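A.B. asks: Sequence isn't available, so here's the structure alone:
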């Protein structure tokens, strides 16, 4: 079956005007994930914020209890004992000036970048390369730290970064379609809980306006927000 035909058939099972309870939404997303690969389950949240304003900016991380189902490649800028700690924790690439040269040459074969504070003078020179890719180490995200081993383990263990886009939309992968429904529920609730805790001081009125779920190749469907925070 072609991708287009599959998507059309899947869309017939979803009513875009209906608010689905979380368990039903997950059931439909899993049912409609029929690609030949293990599709990612994605969440999209429309928030009542304007990230262009300093007091309405939203950025942070959350550790999903069941991981993302994706293996991240982690690069660490560190020297000496910290470099050894990073390697022991499972970092894929560890270096200093040598790693800087690789990145400058366009060799960016990693999904997360961590640095010790003393390396930021070096890493700062890569801002125009790493910044647009969302890879620049940041103290607020725990990716500029002396505890590199802990940061590497978090990244490998299912930590997800989130950031509100211009329209106040946050999206992320929260697991794979092959995950048990209960695991996806746990991950989604952890993610939404983190967004709630990170609510900007300048946010007014109803904070979370809309939540949608989809799989990589499947149709999106809206989720009843009250069923996400339910115990």
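C.D. replies: Looks like it arrived, so ask away. Here the structure is a predicted model, which is why all the values come from computation and not from measurement.
A.B. asks: What helices and strands are in contact with the longest helix along the chain?
C.D. replies: Across the chain, the longest stretch assigned as helix under DSSP state H is helix 181-197. Applying 3 or more Cβ pairs under 8 Å, 6 or more residues apart in numbering; DSSP states H and E, one finds that helix 181-197 contacts helix 22-32, strand 40-47, strand 59-63, strand 159-163, strand 169-176, strand 208-215, helix 225-228. Every residue, glycine included, has its C-beta placed from N, CA and C.
A.B. asks: got the contact list for the longest one?
C.D. replies: Read it as helix 22-32. Helix 22-32 is contacted from outside by 10, 13-14, 20, 41, 177, 181, 184-185, 188, 213-215, 218-219, 221, 223-224, 227-228, 230, using Cβ atoms under 8 Å, 6 or more residues apart in numbering.
A.B. asks: contacting residues around residue 100?
C.D. replies: The contact partners of residue 100, by Cβ under 8 Å, 6+ apart, come to 77, 122-123, 125-126.
A.B. asks: Could you do residue 174 as well?
C.D. replies: 41-43, 64, 68, 160, 184, 187-188, 191.
A.B. asks: can I get the helices and strands packed on helix 181-197 in CSV with mean pLDDT and distance to residue 137?
C.D. replies: As requested, the helices and strands packed on helix 181-197 are exported to CSV (pLDDT from 0 to 100; distance: least, Cβ to Cβ, whole Å):
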stretch, mean pLDDT, distance to residue 137
helix 22-32, 94, 33
strand 40-47, 96, 25
strand 59-63, 92, 12
strand 159-163, 91, 11
strand 169-176, 95, 19
strand 208-215, 95, 29
helix 225-228, 94, 31
